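Q: using only what follows, build the 3D model:
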Amino acid sequence: MSTIQSFHASVAQDAISKVTRLFNASLDDIFAELIQNARRAGASSISIDQVEHDTLGSAIRIADNGPGIAYPKSLFTLGQS
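A: Numbering: from 1, shown residues only. Take a look at the predicted model:
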């Protein structure tokens with residue numbers, strides 16, 4: 001039986017001083033961050049493909065062979081990785 005957990009989004013204090021870099025959101029920055037995260041997580045392979053999604057249409061799929069996110073809750077704290 002699975003347990004349902006509840007949590008709220010927050011902002012890490014370190015992120016406040018970096019806010020302009022974090023919110024630039026250019027495609028170059030987004031791809032660089034995703035690739036860097038995969039590398040830091042121990043991925044040895046990353047694939048980037050353009051795919052056709054039934055609902056979204058053309059989309060970019062990024063996948064790696066890393067171990068996954070140990071604490072998914074950390075995704076909801078901006079600036080904490």
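Q: phi and psi next, for residue 49.
A: When quoted as degrees, to the nearest 10, the phi and psi of residue 49 stand at phi -130, psi 150.
Q: tell me, how many residues neighbour it?
A: Using other C-beta atoms under 10 Å, the number of residues around residue 49 comes to 9. C-beta coordinates here come from the backbone N, C-alpha and C atoms, glycine included.
Q: and it, how far is that from residue 62?
A: Using C-beta to C-beta, to the nearest Å, residue 49 is found at 8 Å from residue 62.
Q: name the nearest residue to residue 46, sequence neighbours excluded.
A: Leaving aside its chain neighbours, residue 46 sits nearest to residue 64 (4.5 Å; criterion: C-beta to C-beta, 6 or more residues apart in numbering).
Q: do you know the pLDDT at the one you found?
A: What the model reports as pLDDT for residue 64 is 94.
Q: low-confidence ranges, this protein, go.
A: Low-confidence segments of the chain, defined by pLDDT under 70: 1-9, 11, 15-25, 76-81.
Q: for it, what's the longest helix?
A: Secondary structure of the chain per DSSP state H: the longest helix is helix 27-40.
Q: would you map the strands across the protein?
A: Ranges of strands in the chain, per DSSP state E, are 10-11, 46-53, 57-64, 77-78.
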